[in-house]
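A.B. asks: Would you be able to build a 3D model of this:
(one chain, ligands or ions: 2)
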Amino acid sequence: MSSEIRVAVAGAAGRMGATVCEAVEQAEGLVLTGRADPALGTSLEEVLPGADVVVDFTRPDTALGNAIACVEAGVHVVIGTSGFDVDQLAGRGPGKAFFAPNFAIGAVLMMRLATEAARHMQRAEIIELHHDKKLDAPSGTGKHTADLLEAATGTRPPIHSVRLPGLVAHQEVLLGGRGETLTIRHDSIDRWSFMDGVVLAVRRVGDLPSSPTIGLDALLFAD
Ligand SMILES: NC(=O)C1=CN([C@@H]2O[C@H](COP(=O)(O)OP(=O)(O)OC[C@H]3O[C@@H](n4cnc5c(N)ncnc54)[C@H](OP(=O)(O)O)[C@@H]3O)[C@@H](O)[C@H]2O)C=CC1
Ligand SMILES: O=C(O)C1=N[C@H](C(=O)O)C[C@H](O)C1
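C.D. replies: Numbering: from 1, shown residues only. Ligands and ions are numbered 1, 2, ... in the order given. Below is the predicted model:
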């Protein structure tokens, strides 16, 4: 890679992709080299040759194919798209793949705190709440939280999905014990909440020891 990281965005006309384009343009050491989106008339194949890293916020049915095209072309890919099986990227390369179910720092902390709390409470349930244009349910964050709690306690918590206009991205983990409850909640009220995480992943994806790497925890915490 040259000293500047050349970044193309897939889904560039979407709610997330448009914000990612702004964030990349504002980030020191990153340069936006391409915007792929049907609404812009540009395909991933057109923007791949000028990129070191592609950021994908597209759709559950296109993200896997996009990611395979990137890594097989030797381009690293940072994936935010939820609702597909990221494990299908195992063994593919030479580019590296990074996927985060949620790029908001507060959401990562919410999942860690909920995992710790679940070790000490009798039962947990997950309620994820999103805007009504979201295609997948349950959310990627809800499924990842359930994975973490199941690994910690041996019991998979149920996930309840709410879709309403006015919402952005929110999740509560409700924990119950004898005579008490504990609620751990995270709210993304603006899509800029995800941008520090996306920019961090763009800077780090090329140096990842394994691919795909899943979860912002791997970039934020040593353990
Ligand atoms: N991990 C995280 O932290 C977050 C993840 N997400 C996830 O990101 C994804 C995108 O969300 P959001 O921005 O709200 O969705 P949008 O529908 O607003 O944006 C997706 C965009 O991708 C375009 N697109 C579809 N196929 C392709 C393709 N093959 N190549 C390039 N662009 C394509 C769509 O075009 P068209 O409409 O014509 O299909 C659309 O413009 C969702 O899966 C969502 O769950 C969202 C927020 C945070
Ligand atoms: O579609 C969204 O908006 C979001 N999707 C991700 C998910 O499925 O968890 C992350 C965040 O919740 C926003």
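
A.B. asks: what about this structure, any weak spots by pLDDT?
C.D. replies: For the chain, the stretches flagged by pLDDT under 70 are 1-2, 223.

A.B. asks: need the contact list for Val108.
C.D. replies: 102, 197, 215-217, 220 (Cβ atoms under 8 Å, 6 or more residues apart in numbering). Where C-beta positions appear, they are placed from N, C-alpha and C, glycine not excepted.

A.B. asks: List just the nearest of those to ligand 2.
C.D. replies: Asn102 (4.5 Å; Cβ to the nearest ligand atom).

A.B. asks: Would you list the phi and psi of that closest one?
C.D. replies: Note on Asn102: its backbone torsions stand at phi -150, psi 120 [degrees, to the nearest 10].

A.B. asks: How about the contacts made by Ala151?
C.D. replies: Going by Cβ under 8 Å, 6+ apart, Ala151 touches no other residue.

A.B. asks: wait, is it part of a helix?
C.D. replies: Yes. Assessed by DSSP: H, G, I helix; E, B strand; the rest coil, Ala151 belongs to a helix.

A.B. asks: Quick check: the gap between it and ligand 1.
C.D. replies: Taking Cβ to the nearest ligand atom, to the nearest Å as the measure, Ala151 falls 20 Å from ligand 1.

A.B. asks: which parts of this protein sit against ligand 1?
C.D. replies: Counting by Cβ under 6 Å from any ligand atom, the residues of the chain close to ligand 1 are 10-11, 13-17, 36-39, 44, 57-60, 62, 66, 80-83, 100-103, 134, 194.

A.B. asks: Wait, Ser161 touches Gly142, no?
C.D. replies: Yes. Shown here, Ser161 and Gly142 form a contact pair, counting by Cβ atoms under 8 Å, at 7.0 Å.

A.B. asks: Find residues that contact each of the two.
C.D. replies: Residues touching both Ser161 and Gly142 by Cβ under 8 Å, 6+ apart: Glu128.

A.B. asks: Looking at those two now, which is surrounded by more residues?
C.D. replies: Under the criterion of other Cβ atoms under 10 Å, the comparison of Ser161 against Gly142 puts Gly142 first, with 26 against 15.

A.B. asks: The more buried one: what secondary structure?
C.D. replies: At Gly142 the chain is in helix, as set by three-state DSSP.

A.B. asks: what's around Phe221, how many residues?
C.D. replies: Phe221: 10 neighbours (other Cβ under 10 Å).
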